[in-house]
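In: Quick one: sequence and predicted model below, then my questions.
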Amino acid sequence: MTEERQKAVRAVLDAALAEGRTALTAPEGKTVTDAYAIPTPVEGLAECADEAVALADRIGFPVALKIVSPQITHKTEAGGVVTGLRSTAEVRGAFTGIVSNALAYDPRARILGVQVQQMVPSGTEVLVGTVTDPTFGPIVAFGLGGVLVEVLKDVTFRLAPASRDDALSMLDGIRAAELLRGVRGGEAVDRDALADLVVKVSRLAADFPEIAEVDLNPVFASASGVMAADVRVLLAAEQPVGRRTYTREEILVSMRRLMKPASVTVIGASGEPGKIGNSVMRNLIDGGFPGEIHPVNPKADDILGRKAYKSVMDVPGQPDVAVFAIPAASVPSALEEVGRRGIPNAVLIPSGFAESGEDELQARIVAIGEEYGVRLLGPNIYGYYSTWQDLCATFCTPYDVRGGVALTSQSGGIGMAILGFARSTGTGVSAIVGLGNKSDLDEDDLLTWFGEDPNTECVAMHLEDLKDGRAFVAAARATVPKKPVVVLKAGRTAAGARAAGSHTGALAGDDAVYDDVLRQAGVIRAPGLNEMLEYARALPVLPTPLGDNVVIITGAGGSGVLLSDAVIDNGMSLMEIPPDLDTAFRAFIPPFGSAGNPVDITGGEPPATYEATIRLGLEDPRIHALVLGYWHTIVTPPMAFAELTARVVEEFRAKGIQKPVVASLAGDIEVEEACQYLFERGVVAYPYTTEKPVAALGAKYAWARAAGLL
């Protein structure tokens, strides 16, 4: 776009905002769309019926007439639109009727005239628009358009500006994608032109933050191109206040000292059992933290065998972290001392801040943190665990099983559910971190660190909101190519809280945007808490698949059907078994069994049949992943199945053949022990369910695609 045209857009926006308007008129919208080469019909503004007739003659019939008024944004509701006019008489009558309808709709409306517009060639009606999301900023929307847009709600979203690949993925991302490809003899739309339109509209929104919403609806898409029949541009009266941001290196420096501290100070440490300050001290000491632990309490000389200090200013050395276990009202003054002392991180356990209506108190500690360069974790948290440092800085149950899973939660209750799950399943963790009110440090800070942390193989995060969606997406995009990121977003059924001024705004409910943007970032979204935890547990265990061919081997036909459904439901593909492989499988199964996919070996087969078919599945390079369905029989007891499966899988992995293998075990309670045995040996297995193992495999596939490995 030329600089002159960009100046033209700026002039239009500035003029409208200077008049206190929050919407552009149709002619102003035309100036904006022309500047961005967005296809719109030939049109003109008529101030009287004679001018309307002259314009219609020049444009060519048929034409449409639309009221132009700064006060009337919903023209159809005001009776301000008439289409398909084919004669001068019809144009003259429509002009008079439109103006009368508009004045009846809003007697105070300033009528600038009537827009005379070329009728748009027919095509598939779609919507292209943008809206400024409170979490993610400018986002672009695409979906089915026309009068049913808010009924069908078949729409998808991406961050703006969108790339061409983003735009093409949007065309394929709606339920009615087949309509765009041409169905029942209909012509396919010009996908290049439609994707180009999405990119241009997204760029417009990104270039001008004053634009709150753009609504092109309907856009007529056909084999010959695209054209927006109606344009609505809404403006934001005020711009949001930006939050303080940090560079990636600044984040890593502070996070390194938080997660790998050499010295920790506990402000409010106590020798009295039952106090939070006592619990934090006990966990740090009993957990074996090898660094320095300095209790601060003006009323004590010694706490749990450690010298206590009257003030943090008296603490020797250079502490990396100050853990606060004092009442909320005392935090600001103590935080001032932490800042003057040069301690870079404050872990704020106390509640009594914004979560209880004390917004000013929280704003005060944020200001203190920013003044002194102290990063704040919390307040209102249970603390945090950094297991590879033997660090348990929390008043909750200790946990010290080291592993590759980093877990975070915004809620204390969810944090303890995470800890209980980890203990119950033996999941090794690199860290468990509470975020609470997220006054400063949030998910993008943690994700930036975990993305670089060599002890972390998978990151799982429970969140209720994101303070800065774009910062999170940037951190996720940097992390996903190296390791999976799983998110449980709470509140997915909540309706959008803000009033919308356009179709696009009405469609951009909070969860719809989260769902699409998180997918755009390569994040795996878990539908529930148990799924988040199971994905986090399973993903580091499963090797990365090298292709899309999934094969099911089962001892029960019923399980095979359910497993097949689960494979498709989780976005994977059942392999079409070629004749030679079909013959090879049939050599190992009884005549009344069934090859194909699923491979049904039937329930009465001995361990040798399971072993032979699993070996074949691992040997054949055309098969990329195995789903096993086991049925408990005395002929092949659960542990016999588990032992042979683990042995064969390990044998092939020793040869360098690493395929993801998951298993569903149906049977009596012995299958629980068999599943645990398999999980510990690299086979993701669950009892009494066909859905869980396949969902875990689907999550691995989703990550592999997002990471560019498939």
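Out: That came in fine, so what should we check first?
In: Tell me which stretches of the stretch 351-500 of the chain form helices.
Out: 359-372, 412-425, 443-452, 469-479 (DSSP state H, counting those that start in this stretch).
In: winner for burial among those helices?
Out: Comparing the helices of the stretch 351-500 of the chain by mean neighbour count (mean count of other CB atoms under 10 Å), helix 443-452 ranks first with a mean of 24. C-beta here means a position set from N, CA and C on the backbone, and glycine is covered the same way.
In: Quick one: list the elements packing against it.
Out: Contacts defined by 3 or more CB pairs under 8 Å, 6 or more residues apart in numbering; DSSP states H and E place helix 443-452 against helix 248-259, strand 402-409, strand 429-434, strand 458-463, helix 469-479.
In: In TSV: the ones you listed, plus mean pLDDT and distance to residue 7.
Out: Compiled in TSV, those are given as follows (pLDDT from 0 to 100; distance: least, CB to CB, whole Å):
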stretch	mean pLDDT	distance to residue 7
helix 248-259	97	35
strand 402-409	96	46
strand 429-434	96	48
strand 458-463	96	41
helix 469-479	96	27
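In: Dump these into JSON lines; add distance to residue 154 as well.
Out: Output for these, formatted as JSON lines (distance: least, CB to CB, whole Å):
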{"stretch": "helix 248-259", "distance to residue 154": "38"}
{"stretch": "strand 402-409", "distance to residue 154": "34"}
{"stretch": "strand 429-434", "distance to residue 154": "38"}
{"stretch": "strand 458-463", "distance to residue 154": "27"}
{"stretch": "helix 469-479", "distance to residue 154": "23"}
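In: out of the ones you listed, nearest to residue 652?
Out: Nearest to residue 652 among the helices and strands packed on helix 443-452 is strand 402-409 (22.4 Å), distances taken as CB to CB.
In: same for that closest one, what does it pack against?
Out: On a contact count with 3+ CB pairs under 8 Å, 6+ apart, strand 402-409 meets helix 412-425, strand 429-434, helix 443-452, strand 458-463, helix 529-538.
In: Now tell me which of the ones you listed the model trusts least on average.
Out: Here the lowest mean pLDDT among those goes to helix 412-425, at a mean of 90.
In: can you give me the angle that one makes with strand 402-409?
Out: Angle of helix 412-425 versus strand 402-409, following axes from the mean of the first three to the mean of the last three CA atoms, to 10 degrees, is 160 degrees.
In: thinking again about what came up before, minimum distance to residue 99: which of the helices and strands packed on strand 402-409 has it?
Out: strand 458-463 (51.6 Å).
In: ok, residues contacting that closest one?
Out: 404-411, 414, 418, 435, 443, 446-447, 450-451, 479, 483-490, 526, 529, 532-533, 535-536, 539-540 (CB atoms under 8 Å, 6 or more residues apart in numbering).
In: now it and strand 402-409, what's the angle there?
Out: 20 degrees.
In: relative orientation of strand 458-463 and helix 469-479 in degrees?
Out: Using the same axes, to 10 degrees: strand 458-463 against helix 469-479 is 170 degrees.
In: Listing partners with orientation, what would you give for strand 458-463?
Out: Counting by DSSP bridges, the strands paired with strand 458-463 are strand 402-409 (parallel), strand 485-489 (parallel).
In: Ok, which of the ones you listed comes nearest residue 248?
Out: For residue 248, the closest of those is strand 485-489, at 16.4 Å, according to CB to CB.
In: Would you mind listing the buried residues in the closest one?
Out: Using 16 or more other CB atoms under 10 Å as the test for burial, strand 485-489 gives 485-489.
In: and the strands paired with strand 458-463 as a markdown table, adding distance to residue 268?
Out: What follows is the strands paired with strand 458-463, written out as a markdown table (distance: least, CB to CB, whole Å):
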| stretch | distance to residue 268 |
| --- | --- |
| strand 402-409 | 23 |
| strand 485-489 | 32 |
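In: ok, for residue 205, nearest residue in space, not its chain neighbours?
Out: Distance criterion CB to CB, 6 or more residues apart in numbering; nearest residue to residue 205, sequence neighbours excluded, is residue 130 at 3.7 Å.
In: so who does the nearest residue to residue 710 once chain neighbours are set aside touch?
Out: Leaving aside its sequence neighbours, residue 710 sits nearest to residue 704 (CB to CB, 6+ apart; 4.6 Å). Residue 704 makes contacts with 544-545, 710, as judged by CB under 8 Å, 6+ apart.
In: Check residue 125 too.
Out: Going by CB under 8 Å, 6+ apart, residue 125 touches 144-146, 218-221.
In: Quick one: residues contacting residue 46.
Out: 52, 54-55, 95, 113-116 are the contacts of residue 46 under CB under 8 Å, 6+ apart.
In: for residue 694, same thing?
Out: 563, 566-567, 569-570, 572, 627, 662, 664.
In: List buried residues within the residues you listed.
Out: The neighbour-count test (16+ other CB under 10 Å) marks 563, 566-567, 570, 572, 627, 662, 664 as buried among the contacts of residue 694.
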